[in-house]
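> output the structure for:
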Amino acid sequence: MTSASYYLLPKLVKDLSLPQHKIVAVLKLIEEGNTVPFISRYRKEAIGNIDEVAVRQVKERSEYIHDIEERRETILSSIESQGLLTEDIKKKVLTATVKSALEDIYLPYKPKRRTKAMIARERGLEPLAKKILEQTDDGNPKEDAKQYINEEKGVSSIDEALEGARFIVAEEISLDAEIRTFVRERFYDKGVIASKVRSKFAGTSSKFEQYYAFNERVKIIPSHRFLAISRGEKEKVLSMSILLDEKPLLSFITAKMGHCKASPYADELFQSAADAYKRLISTSIEADTRVDLKIKSDTYAVETFAKNLKEILLAAPLGGKQVIGIDPGLRSGCKCAAVSETGKFLETLTLFLTQGERRKLEAKKDLMSLVEKYKPIAIAIGNGTGSRETEALVKETLKEHGYAEIIVVQVSEAGASVYSASDVAREEFPDIDLTIRGAISIARRLQDPLAELVKVEPKALGVGQYQHDVNQTMLEKKLHDIVESCVNNVGVDVNTASASLLSYVAGIGFSLAKKLVTHRDAHGSFSTRKSLMDVSGMGKRSFEQAAGFLRIYHGDNPLDVSAVHPEMYALVTMIAKDQGLTIDALIKEDINTNKIDRKKYLSEQVGLETLNDIIDELKKPDRDPRSSFEMPSFRDDVNSIDDLHPEMTLEGIVTNVTAFGAFVDIGVHHDGLVHISHLADHFVKDPHEIVKTGDKLKIKVLEVNKKLKRISLASC
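Numbers count the residues shown, from 1 in each chain. Here you go, the predicted structure:
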């Protein structure tokens, strides 16, 4: 651990509510080059068995601390180089724990552009400013100012002399860290976000109409409302400001500066304070407050996106079955693609459903030829325009020919077009039209959502909240962490996985992932985990981090299909020997694991948690942590928004969860919204407490606005 991390360990302990020794252990492992998935899965004893979420929190918080420490060192160095670093200033810098406090302390010493106060000092007005600051009980401002009139220096009158002196005082006030802290806190505690419509849009309707005359406390405004107002401001429909009663602030500022009503300079100080607040303090702190609100709102929106993405990626897979994928299209035809158990593209055809009865009969015939040739277990239909018509024809055709047992299911096609036109898709299918690539992707999404969706930029999956308005660096990092977590939680078949999927395995990355695929293509399937070391670029560290998450099916070592790390193979061999079995038999036979004497195998390297994980893997070495696949269902008599009416009850699939409710696919091309107030019969603070993406939901139609394509729903 670095000294900086040690220095703020107490704060880490307080912020994260974790014991110090666990935090120290995590930081040490991270600094040694270990990845979060590896640490949380294979170093449980070292970190006191905290989960992956806590490990990531330690990592992220420590990175924030490192940023603060770097900035702290820069500030100390800058002040020292100016010869102004005192013990008092140094103490304040060293004890500041947030970036805003550091910047407030540094502000008086920060190199500045040419200010009004600087010009006033050059004109010799600093002694007059000192009189204002000292609040002397004698003197006369106007009389005293006469001696500073100097045409050559640019001071031509008493008023100009006093104004210049006030500029100096105002700057002094604005640089006071205590005053800035007080104002900053008041902006947060008492400030009100106010938005209003710009005159150009007054009297018109827009998606921002509810914010045309809107007020809400800074302290309580939710993420989605602040981001909506910010977007309205960006699109020049709204203007936004923070309202705050300045009287208590001016009282504090003048008191802090020693304002004395009996002093002849009392009014000069008051004017200086008012100028300092309006011109120098409130503008910058309002901007800071908006930045803080943006960060807070971004963080919440990113977390919401991450939760939804995780549920989508960990959706139940159909598994290694032959599937036909259909990308619906009414005018250009439905593109069909048959894929093998491993997702290999087999054949394609196009079905025309709406160009007359003859073409429809031809479509049925062509579909059956594909079905009879490949015997799919399921047919996946993208849920875009024409999906319900396509689904009806497919079901009708299968029933007519005695194949009613084949599963027909709608699959989200969000991002499929993005994937089809991507470099990844072109590299995977260089000679196939992008419309066919979409059908292949739809089929594979049913087989294994995780393996296919990692090829799509998460932002294209349509499960975010104001995703294009939030900090993109923060968003991309969080989404990468979620994808990485899901991939390593499930595990990856190294002999069938794409480079996109392999790139998220702990310790690999995209460059090494491509080398793995190239080696596999050139030399054939990997037969053991150990043979991964033959790949160029796969060093000991990469192998250590990745091996436990890579699966080799039908290989030479039966443990290679499990989550048991190779570093524990010798231990498993010992357990098998003690049971009088080979490793293969130990895995295949349903032995009573309770009879294994766990104490016998405990050591400094192997704790009880690790041992329990190993034994659990021996029970079912190729287990998938995802839930089993279940058929979703929509009402056959509801195909478009025109078929909906209030009080109708339906079953739908949750497609997106936001701060204000859940969007639900009910099979009519337009998702309906279950507002947070209609999710349950009790108060709901966060919709994620009630539903998650992918959930089946029984709902009732409340209102249908066909003009705006809006459907209001309530959970039954």
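
> just the helices in the stretch 251-400 of the chain please.
Taking DSSP state H, counting those that start in this stretch to define them, one finds helices in the stretch 251-400 of the chain at 266-275, 282-313, 357-374, 387-400.

> could those be laid out in JSON lines, adding mean neighbour count and distance to I407?
From N, CA and C alone the C-beta is placed, and that goes for glycine too. Below are those laid out as JSON lines (neighbours: other Cβ atoms under 10 Å; distance: least, Cβ to Cβ, whole Å):
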{"stretch": "helix 266-275", "mean neighbour count": "20", "distance to I407": "73"}
{"stretch": "helix 282-313", "mean neighbour count": "20", "distance to I407": "20"}
{"stretch": "helix 357-374", "mean neighbour count": "15", "distance to I407": "12"}
{"stretch": "helix 387-400", "mean neighbour count": "18", "distance to I407": "10"}
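
> which one of those lies closest to K335?
The closest of these to K335 is helix 387-400. By Cβ to Cβ, the value is 10.7 Å.

> so what's the gap between the closest one and the chain middle?
Remark: helix 387-400 is offset 38 Å from the chain centroid, using Cα atoms, centre = their mean, to the nearest Å.

> next, the angle from that helix to helix 357-374.
Here the directions of helix 387-400 and helix 357-374 differ by 60 degrees (axes from the mean of the first three to the mean of the last three Cα atoms, to 10 degrees).

> all the strands of the stretch 351-500 of the chain, in order from the start?
Listed in chain order, the strands of the stretch 351-500 of the chain (DSSP state E, counting those that start in this stretch) span 378-382, 407-411, 492-493.

> can you redo these as TSV with mean pLDDT?
Shown next, in TSV, are the strands of the stretch 351-500 of the chain (pLDDT from 0 to 100):
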stretch	mean pLDDT
strand 378-382	94
strand 407-411	90
strand 492-493	95
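
> which of the ones you listed sits most buried?
strand 378-382 (a mean of 27; mean count of other Cβ atoms under 10 Å).

> what's across from the residue lying closest to N383 once chain neighbours are set aside in the sheet?
Once flanking residues are discounted, N383 sits nearest to Q410: 4.5 Å by Cβ to Cβ, 6 or more residues apart in numbering. Counting by DSSP bridges, Q410 forms beta bridges with I381.

> so Q410 makes contact with T390?
No - contact criterion Cβ atoms under 8 Å: Q410 and T390 do not qualify, at 9.2 Å.

> distance between the ends of stretch 363-383?
As for stretch 363-383, its first-to-last residue distance stands at 19 Å under the measure Cα to Cα, to the nearest Å.

> any idea how far Q82 is from N49?
Noted for Q82: a distance of 50 Å to N49, by Cβ to Cβ, to the nearest Å.

> so which of the two has more stuff around it?
The residue with more neighbours, out of Q82 and N49, is N49; 15 against 10, by other Cβ atoms under 10 Å.

> tell me how many other residues crowd V517.
So V517, with other Cβ under 10 Å, has 18 neighbours.

> same deal with N612?
13.

> what do you get for E209?
Look at E209: counted by other Cβ under 10 Å, it has 13 neighbours.

> same deal with K11?
13.

> who's in contact with it?
Contact analysis of K11 by Cβ atoms under 8 Å, 6 or more residues apart in numbering lists I65, T97.

> what's the helix or strand for it?
helix 9-16 (DSSP states H and E).

> tell me which residues of that helix are tucked away?
L9, L12, V13, D15, L16 (16 or more other Cβ atoms under 10 Å).

> tabulate those residues (JSON lines), appending distance to A255.
Shown next, in JSON lines, are the buried residues of helix 9-16 (distance: Cβ to Cβ, whole Å):
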{"residue": "L9", "distance to A255": "38"}
{"residue": "L12", "distance to A255": "37"}
{"residue": "V13", "distance to A255": "37"}
{"residue": "D15", "distance to A255": "34"}
{"residue": "L16", "distance to A255": "39"}
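
> for D616, state which of those is nearest.
L16 (28.0 Å).

> could you check how far the closest one is from G356?
66 Å.

> and for G402?
From G402 to G356 the distance is 26 Å (Cβ to Cβ).

> likewise for A338?
Here the criterion is Cβ to Cβ. By it, A338 lies 26 Å from G356.

> returning to that earlier point: and the helix holding K11, what's its mean pLDDT?
The average pLDDT for helix 9-16 rounds to 83.

> so that it lines up with my notes, have the first residue be 10 from now on.
With the count now opening at 10, the last piece we talked about shows up as helix 18-25.

> send me it as PDB with only the CA atoms.
Below are the C-alpha coordinates for helix 18-25, written out as PDB (Å, rounded to 0.1, in the frame of the first residue of the first chain):
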ATOM      1  CA  LEU A  18      -7.400   4.500   6.100                       C
ATOM      2  CA  PRO A  19      -9.600   5.800   8.900                       C
ATOM      3  CA  LYS A  20     -11.700   7.600   6.400                       C
ATOM      4  CA  LEU A  21     -11.900   4.500   4.200                       C
ATOM      5  CA  VAL A  22     -13.000   2.500   7.200                       C
ATOM      6  CA  LYS A  23     -15.700   5.100   8.000                       C
ATOM      7  CA  ASP A  24     -16.900   5.600   4.400                       C
ATOM      8  CA  LEU A  25     -17.100   1.900   3.600                       C
END
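
> and whichever helix or strand comes after it, what does it pack onto?
Using DSSP H and E, the helix or strand that follows helix 18-25 in sequence is helix 29-40. If you count contacts as 3 or more Cβ pairs under 8 Å, 6 or more residues apart in numbering; DSSP states H and E, helix 29-40 packs onto helix 18-25, helix 45-51, helix 61-90.

> helix 29-40 vs helix 18-25, what angle?
100 degrees.

> list the buried ones in helix 29-40?
Going by 16+ other Cβ under 10 Å, helix 29-40 has these buried residues: K31, I32, V33, A34, V35, L36, L38, I39.

> of those residues, which pair is most distant in space?
Taking Cβ to Cβ, no two of the buried residues of helix 29-40 sit farther apart than K31 and I39, at 12.7 Å.

> centre-most residue in this protein?
V311 (3.4 Å; Cα atoms, centre = their mean).

> G471 versus that one, what's the distance?
Distance from V311 to G471, by Cβ to Cβ: 16 Å.

> what is in contact with Q419 and T399 at once?
In contact with both Q419 and T399: I390, using Cβ under 8 Å, 6+ apart.

> domains in this protein, by residue range?
Using automatic domain parsing, the domain parsing of the chain gives 12-118, 127-314, 332-456, 650-724.

> G616 is nearest to which of these?
Here domain 12-118 is closest among the domains of the chain (Cβ to Cβ), at 3.4 Å.

> quick one: distance of the closest one to the chain centre.
22 Å.

> what of stretch 439-456?
27 Å.

> likewise for stretch 524-533?
Taking mean C-alpha positions (Cα atoms, centre = their mean), stretch 524-533 and its chain are 33 Å apart.

> then stretch 451-463?
21 Å.

> got the contact list for H687?
Per Cβ under 8 Å, 6+ apart, neighbours of H687: G670, L711, S721, L722, A723, S724.

> quick one: pLDDT of it?
Looking at H687, its pLDDT reads 91.

> what of the one 3 residues further on?
As summarised for this prediction, D690 has a pLDDT of 87.

> with just CA atoms, put stretch 715-725 into CSV.
What follows is stretch 715-725 as a C-alpha-only set of coordinates in CSV (Å, rounded to 0.1, in the frame of the first residue of the first chain):
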residue,chain,number,x,y,z
LYS,A,715,-52.3,6.7,-29.2
LYS,A,716,-51.2,10.1,-30.6
LEU,A,717,-48.1,10.2,-28.4
LYS,A,718,-47.7,6.4,-28.3
ARG,A,719,-47.8,6.5,-24.5
ILE,A,720,-49.1,3.6,-22.4
SER,A,721,-49.7,4.0,-18.7
LEU,A,722,-49.7,0.7,-16.7
ALA,A,723,-50.1,-0.5,-13.1
SER,A,724,-48.8,-3.6,-11.5
CYS,A,725,-51.5,-6.0,-10.5
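
> quick revisit: the domains of the chain: which one's closest to I623?
domain 12-118 (10.6 Å).

> got the buried residues for stretch 203-223?
Under 16+ other Cβ under 10 Å, the buried positions of stretch 203-223 are A203, S204, V206, F210, F217, Y220, Y221, F223.
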